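Colleague: Quick one, what's the 3D model for this:
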Amino acid sequence: MIEEFKTFIAVVEHQNFTKAGESINLSQPTVSTHIKNLEIYFNTTLINRSIKQKTISITDNGYLLYKRAREIISSIESIKDEINSISNSIKGHIKIGTSLTIAEYFLPDFLSIFSTKYPDIEIEMIVENTHKICEKVKSSNLDIGLVEGSLSSFDFNQNFFYEDKMVLTFSPKTEIDSENFTINSVKSKKWIVREEGSGTREYLNIFLSNNKITPLQIMVLGSNHAVKEAVKNNLGVSIISKLVTDSEGDSLCTVNLNDTYNRYFSFITPKGIKSSNTTALFINELEKYSKSRS
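Modeller: Residues are numbered from 1 along each chain as shown. Alright, predicted model coming up:
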């Protein structure tokens, strides 16, 4: 029944069977089966389906179940924590979603420290872009999401934990003078960019717009490492996190941007659901670690 509740929550929040299935990694037929099982169990119609218009609407009983299902899932997580706390060691399981920059250049050291301190807490981590992480947190498929930048949605609790500086970077092989840098020196360059939906791409787009730069050519790459390597090989210029360039020494040139291009890493949790004790512990340790790096 727990999985059926999670599926129903996703359907209500996405208002679409296919999108709900994608957010929790289930096929559309499985989603339909879960909803049917709930309707049979509660002997009521939860969702009205319009085959002709291909739309759905949630009934009053459906919204009641949605509210109670979220409460039940939250309670189950709390019960698991209480049972685990009976033993001498802290045990638990945390499902984390994180964007690529945080996963590659911020979390490894923190997770090493955290896992050493709490060896009986299991961590399950997925790496996605910010948009997809938000979807999974909203559908309660993740306990916590670690993302870049500010979110316009009010569907989450959002708290900042680290200020990340963005830099313009290019190969030493270019004719760009990093000490006497001007915007004009990069206007005609090829730009190496992340995919749309990533936090890094968002800030690069803002920089281009603010400086009235229309790239003549771009190269889209799917990871910070790929962007960094492309820039090192003089394939173009880019804007990426200073965390990415810090370890590169003389193989990359960087120009610091003003503070308006600084961004914050933040953690998001589902709104209206109390975080489990294990998740709250993870957040507390993350905030302490972040302060030590600032």
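
Colleague: Now do the buried residues in stretch 237-249.
Modeller: Neighbour-count burial for stretch 237-249, counted by 16 or more other Cβ atoms under 10 Å, picks out Val237, Ser238, Ile239, Ile240, Ser241, Lys242, Leu243, Val244, Thr245. Where you see a C-beta, it was placed from the backbone N, CA and C, and this is true even at glycine.

Colleague: Would you mind measuring from the residue of the chain most remote from its centre to Thr269?
Modeller: Each residue of the chain has a distance to the centre, and by Cα atoms, centre = their mean the biggest one is for Asn43: 37.5 Å. The gap separating Asn43 from Thr269 is 34 Å, by Cβ to Cβ, to the nearest Å.

Colleague: Show me where the stretch 1-150 of the chain has its strands.
Modeller: 47-50, 55-58, 92-98, 121-127, 144-148 (DSSP state E, counting those that start in this stretch).

Colleague: Deepest in the core, which of the ones you listed is it.
Modeller: strand 144-148 (a mean of 26; mean count of other Cβ atoms under 10 Å).

Colleague: average model confidence for it?
Modeller: The pLDDT scores in strand 144-148 average 92.

Colleague: just checking, what packs against that strand?
Modeller: strand 92-98, helix 100-105, helix 130-138, helix 199-210, strand 263-270, helix 277-293 (3 or more Cβ pairs under 8 Å, 6 or more residues apart in numbering; DSSP states H and E).

Colleague: Nearest approach to Thr30 belongs to which of the ones you listed?
Modeller: In terms of Cβ to Cβ, the element of these nearest to Thr30 is helix 130-138, at 17.0 Å.

Colleague: quick one: contacts of that closest one?
Modeller: 13-14, 23-24, 97-99, 126, 128, 142, 144-149, 151, 153, 155-156, 197-199, 268-270 (Cβ atoms under 8 Å, 6 or more residues apart in numbering).

Colleague: Same list (the strands of the stretch 1-150 of the chain) but as JSON lines, adding distance to Lys173.
Modeller: Converted to JSON lines, the strands of the stretch 1-150 of the chain look like this (distance: least, Cβ to Cβ, whole Å):
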{"stretch": "strand 47-50", "distance to Lys173": "59"}
{"stretch": "strand 55-58", "distance to Lys173": "56"}
{"stretch": "strand 92-98", "distance to Lys173": "33"}
{"stretch": "strand 121-127", "distance to Lys173": "31"}
{"stretch": "strand 144-148", "distance to Lys173": "29"}
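
Colleague: Where does the record place the domain boundaries for the protein?
Modeller: Domains of the chain are assigned by automatic domain parsing as 1-86, 88-163+263-294, 166-261.

Colleague: Would you convert the helices and strands packed on strand 144-148 into CSV that also reports distance to Ile113?
Modeller: What follows is the helices and strands packed on strand 144-148, written out as CSV (distance: least, Cβ to Cβ, whole Å):
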stretch, distance to Ile113
strand 92-98, 15
helix 100-105, 15
helix 130-138, 23
helix 199-210, 24
strand 263-270, 17
helix 277-293, 7
